[in-house]
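**Q** I'll drop the sequence and a predicted model, then ask my questions.
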Amino acid sequence: MSTVDIFAWIVLIILALSTVAVIVFLAMLPGMIARRRNHPWAQAVSVGGWVTLLLGFALWPIVLIWAYVDYPHVVTTERAP
């Protein structure tokens with residue numbers, strides 16, 4: 001193998017590892033956002049982010065929007081008798 005071949009293999013390995021790292025980061029992103037925003041279904045959003053790996057990131061934008069959705073807060077008021 002020549003020096004150019006070795007350099008090409010090194011570049012190929014670096015590109016493959018960086019691609020895997022970006023895919024894993026994108027799968028983790030909705031869950032991280034949901035936990036940071038104290039989303040009540042943060043665990044479900046996190047699982048949804050990882051499930052999109054199996055679906056080829058087809059539903060990933062929906063899971064990302066779900067991580068940002070504000071949920072209604074229930075306000076309880078007690079009345080004195």
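**A** Structure received.

**Q** show me where the protein has helices.
**A** 3-36, 42-54, 60-68 (DSSP state H).

**Q** tabulate the ones you listed (CSV), appending mean pLDDT.
**A** As requested, the helices of the chain are arranged in CSV below (pLDDT from 0 to 100):
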stretch, mean pLDDT
helix 3-36, 97
helix 42-54, 94
helix 60-68, 95
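
**Q** do you know which of those lies nearest E78?
**A** Shortest separation from E78 across the helices of the chain is recorded for helix 42-54, at 29.2 Å, computed as CB to CB. Where C-beta positions appear, they are placed from N, C-alpha and C, glycine not excepted.

**Q** give me the helices and strands touching that closest one, please.
**A** helix 3-36, helix 60-68 (3 or more CB pairs under 8 Å, 6 or more residues apart in numbering; DSSP states H and E).

**Q** save these as a markdown table, and put in distance to R79 too.
**A** Written out in a markdown table, the entries for these read as follows (distance: least, CB to CB, whole Å):
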| stretch | distance to R79 |
| --- | --- |
| helix 3-36 | 35 |
| helix 60-68 | 35 |
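
**Q** winner for burial among these?
**A** With neighbours defined by mean count of other CB atoms under 10 Å, none of those is more surrounded on average than helix 60-68, at a mean of 16.

**Q** sorry, back to before: nearest to T77, of the helices of the chain?
**A** Proximity of the helices of the chain to T77 was assessed by CB to CB; the nearest stretch is helix 42-54, lying at 27.5 Å.

**Q** closest one to W50 among the helices and strands packed on helix 42-54?
**A** For these, proximity to W50 was assessed by CB to CB; helix 3-36 is nearest, at 5.2 Å.
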